[in-house]
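Asks: here's a sequence, model it:
(2 chains)
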Amino acid sequence: MFRGLGRMAYSYLLMMFRTKTALFWTLVFPLFILIGFAIVFGGGDPERIAYIVPGILTITIISATFFGTSMNMVAQRENGVFRRYRATPVSPIVVVSAHALVSIFNLSISLLLQILAAVLIFNIQINGSLISLAVVAFCGFFAFAPLGLIVGSVAKDMKTAPAITNLLFFPMMFLSGAAMPFFMLPDWLQTIGKLLPATYVVESMLGVMVRGAGLTELFAPLLVLLASGLVAFLLNGMLFRWESNEPLNFKRLGMAVSLLTLIYIIAGLAIPSLKMSQRPVASIESKTDMQYANARKWP
Amino acid sequence: MVIQAEKLSKHYGTTRALQGIDLQISESGIVGILGPNGAGKTTMIEIFEGLRMPSSGRVSVLGLDPARQSSTLKQRLGIQLQSTSIPPDLTSTEILKLFAAFYQKSLQPGEILKRIELQEKAGVRFSNLSGGQQQRIAIGLALVNDPELILLDEPTTGLDPVARRGVHDIISRLRDQGSTVLLTTHYIEEAEKLCDRIIIVKSGKIVADGTPFDLVSQAEGSSTIWIAVDGELDPAPLQQAGVTPQGTEGGHLHFITLDPAAAVIALGHVLQAQNLRLIDLRMKRPTLEDVYLSLIGQPEDEQVHDDARKPSMQNRAE
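Replies: Predicted structure coming up:
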């Protein structure tokens, strides 16, 4: 089984390095986003940029898992590669895990490039330890990768996949504090935000990078991410489809969505207030207000 | 027993793809499922592969239930699917290594490439191979686990004649190595040339089953005999033996008969009695194509039948 997993992940990497578009999304696009955000919203100011970067890293995690992993899976299922795998003894867990392994490889490169660019080009200060940052990034990946894989199993073809991903991606981006500061959202939107996994990634990322928090302090949000990731990974096995024309099991999908929502309702109740819902220190505050003003000018 | 099926049926909604298939395959060699498109060939083979569930009936492949023991069974099956795709950006060797990793027991890529005669394309990406070479890789994938039973679904459809011959050679060699191959095809000549046993299916039912030789011998329909003799033959005694004269054709006397064996003996006697010497004898028995068309039937059955025969008859006469 592990031989199959290793070989499949290796083959996918070979395929990726031979496709120019895949390299663009892994190497060029994340840098482009970071530099764009840092210039447009951060105005080149290291302190402001430092407050923006955790959100950008979160967006990178979401897009790598949602767009990268899920689209790959849908494409392979639609063109019949999965059907060929089905004629072998390989198990769905191996196929899904191989996609997840490739995803974490790509994501690590993207995140590393973004952090390097933020530090080297924009001189931001990372207040927490790099190990804590790596652990937080991994927990974020662990929560999101199975969600991306579920989208990959639920989406019927390459036409429906982007619709589903965008439907999830945009609320996650704007209600989690990733694209605009969480404390600026009205209370009711913050409440909705607490039901989204992305919110807990941004909370932990901000914690490490801006407040210099250690892992013990971030125990609660990280636990939420790990728990939802584990549940979502197990649900993958139930929703996996080898072929596009296999009917989707709506009962199982409904169960999966309710179970995941339940985890985040419990999380929202157990963690009554997120650190990032408070305004940051005055010096950043005025700047982030400006950032919000800039954000509103965004077309 | 390699494959055993009892009263196997499969319905898709109101469409009845298979209607009570009874089948036993116990021998090694090449068994061909021959039938028109939509006859249920793919449904049948994919039920054996465990990719589709039968609506009713029982099936066992290599002594295992394809539905319940699918992963054990797949270790021992070599499968080539009709509609599928192979990662285009991997090379031949990489593809074979990838699929070999899924099995407990597997052959080296070099060995497979030798069997499919593609050694010189080991480092070439799948997308850069010709259609025939891609199809050979697809068959190669069915061999990576050194399977006990090889199932090929329309292995030559869409290939040009040269590429098709290449695939035929590969499949023939599998037989020579003692493997059991079950393949589907809608090419009559392919089945006749390649298969040790042909199962003809129509509308989800088996309508004929036997060696190509047997199928042709069992055929109902008349054989045609042309003879040339050094004199005037009185056909009356032949007619009594069931050999009907049809006039002359290019200097040859033309007869049809339902019993060619008896006709030849009668002809010998008649020629001897009339003291004539036989200069030339040609005979055309019903072909597998005639048998196939008579079993499968077509809207304009008779017409197609006759049209198909005329040109070959003229060729013979010229």
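Asks: for B:Leu152, what are its contacts?
Replies: Residues in contact with B:Leu152 (C-beta atoms under 8 Å, 6 or more residues apart in numbering or on different chains) are B:Gln80, B:Ile139, B:Ala142, B:Ile171, B:Val181, B:Leu182, B:Leu183, B:Thr184. Bear in mind the C-beta positions are built from the backbone N, C-alpha and C, glycine included.
Asks: okay, now the second one: neighbour count?
Replies: What it means is B:Ile139. 22 (other C-beta atoms under 10 Å in any protein chain shown).
Asks: surely it is in a helix?
Replies: Yes - membership of B:Ile139 in a helix is supported by DSSP: H, G, I helix; E, B strand; the rest coil.
Asks: distance of it relative to chain A?
Replies: Separation of B:Ile139 from chain A (C-beta to the nearest C-beta, to the nearest Å): 13 Å.
Asks: same question, the third one
Replies: For B:Ala142, the distance to chain A under the criterion C-beta to the nearest C-beta works out to 8 Å.
Asks: residues contacting that residue?
Replies: Neighbour list for B:Ala142: B:Gly78, B:Ile79, B:Gln80, B:Ile150, B:Leu151, B:Leu152 [criterion: C-beta under 8 Å, 6+ apart].
Asks: run the last query once more with 10 Å
Replies: Shown in contact with B:Ala142 (C-beta atoms under 10 Å, 6 or more residues apart in numbering or on different chains): A:87, B:77-81, B:99, B:112, B:116, B:150-153, B:155, B:174, B:181.
Asks: which residue packs closest to B:Glu46, ignoring adjacent ones?
Replies: With C-beta to C-beta, 6 or more residues apart in numbering or on different chains as the criterion, B:Glu46 has its nearest non-adjacent residue at 4.5 Å, and that residue is B:Arg52.
Asks: same check on B:Gln246?
Replies: Closest residue in space to B:Gln246, ignoring its immediate chain neighbours: B:His254 at 4.2 Å, by C-beta to C-beta, 6+ apart.
Asks: pretty sure the one you found belongs to a helix, no?
Replies: No - under the criterion used here (three-state DSSP), B:His254 is strand, not part of a helix.
Asks: just give me the neighbour total for it.
Replies: 18.
Asks: measure it to chain A for me?
Replies: Taking C-beta to the nearest C-beta as the criterion, B:His254 is separated from chain A by 53 Å.
Asks: ok, now B:Lys202?
Replies: According to C-beta to the nearest C-beta, B:Lys202 and chain A sit 26 Å apart.
Asks: please apply the same query to B:Pro87.
Replies: From B:Pro87 to chain A the distance is 6 Å (C-beta to the nearest C-beta).
Asks: mind listing what that residue touches?
Replies: For B:Pro87, the contact set (C-beta under 10 Å, 6+ apart) comprises A:11-12, A:14-15, A:76, A:79, A:81, A:84, B:94-95, B:98, B:125-127.
Asks: of those residues, closest to A:Leu168?
Replies: The shortest approach to A:Leu168 among these belongs to A:Gln76, at 20.7 Å (C-beta to C-beta).
Asks: quick one: neighbours of the closest one, just the number.
Replies: So A:Gln76, with other C-beta under 10 Å, has 21 neighbours.
Asks: ok, now B:Lys202?
Replies: Neighbours around B:Lys202, by other C-beta under 10 Å: 18.
Asks: who touches the closest residue to B:Ala67 other than its chain neighbours in this structure?
Replies: Once flanking residues are discounted, B:Ala67 sits nearest to B:Met53: 5.5 Å by C-beta to C-beta, 6+ apart. Shown in contact with B:Met53 (C-beta under 10 Å, 6+ apart): B:Lys10, B:Glu46, B:Ile47, B:Val59, B:Pro66, B:Ala67.
Asks: PyMOL command for the buried members of those residues?
Replies: Those of those that count as buried under 16 or more other C-beta atoms under 10 Å in any protein chain shown are selected in PyMOL with:
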select buried, chain B and resi 10+46+47+59+66
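Asks: show me the strands in chain B, by range?
Replies: For chain B, the strands defined by DSSP state E cover B:3-12, B:15-25, B:29-34, B:56-61, B:77-80, B:149-153, B:180-185, B:197-202, B:205-210, B:223-229, B:243-249, B:252-257, B:278-284.
Asks: picking up where we left off before, is the residue nearest to B:Gln246 in contact with B:Gly247, as I believe?
Replies: Yes - B:His254 is in contact with B:Gly247 according to C-beta atoms under 10 Å; the separation is 5.8 Å.
Asks: what sits in contact with each of the two?
Replies: Here B:His254 and B:Gly247 have no joint contacts, going by C-beta under 10 Å, 6+ apart.
Asks: is chain B within reach of the helix or strand that contains A:Ser132?
Replies: Using DSSP states H and E, the element containing A:Ser132 is helix A:130-154. No - applying C-beta under 10 Å from any C-beta of the partner chain, one finds helix A:130-154 separated from chain B by no less than 16.7 Å.
Asks: quick one: contacts for the residue nearest to B:Gln246?
Replies: B:His254 touches B:Thr224, B:Ile225, B:Trp226, B:Ile227, B:Thr244, B:Pro245, B:Gln246, B:Gly247, B:Thr248, B:Arg282, B:Met313, B:Ala317, counting by C-beta under 10 Å, 6+ apart.
Asks: which residues of chain B score low on pLDDT?
Replies: Residue ranges of chain B with pLDDT under 70: B:298-318.
Asks: domain parsing of it, as residue ranges.
Replies: Domain assignment for chain B, taken from automatic domain parsing, gives B:3-211, B:217-317.
Asks: re earlier: ok, so of the contacts of B:Met53, who is nearest chain A?
Replies: Among the contacts of B:Met53, B:Glu46 lies closest to chain A (C-beta to the nearest C-beta), at 9.2 Å.
Asks: who are the packing partners of the helix or strand where A:Thr165 lies?
Replies: Per DSSP H and E, A:Thr165 falls inside helix A:160-175. With contacts defined as 3 or more C-beta pairs under 10 Å, 6 or more residues apart in numbering or on different chains; DSSP states H and E, helix A:160-175 has these neighbours: helix A:46-63, helix A:70-78, helix A:130-154, helix A:187-193, helix A:197-206.
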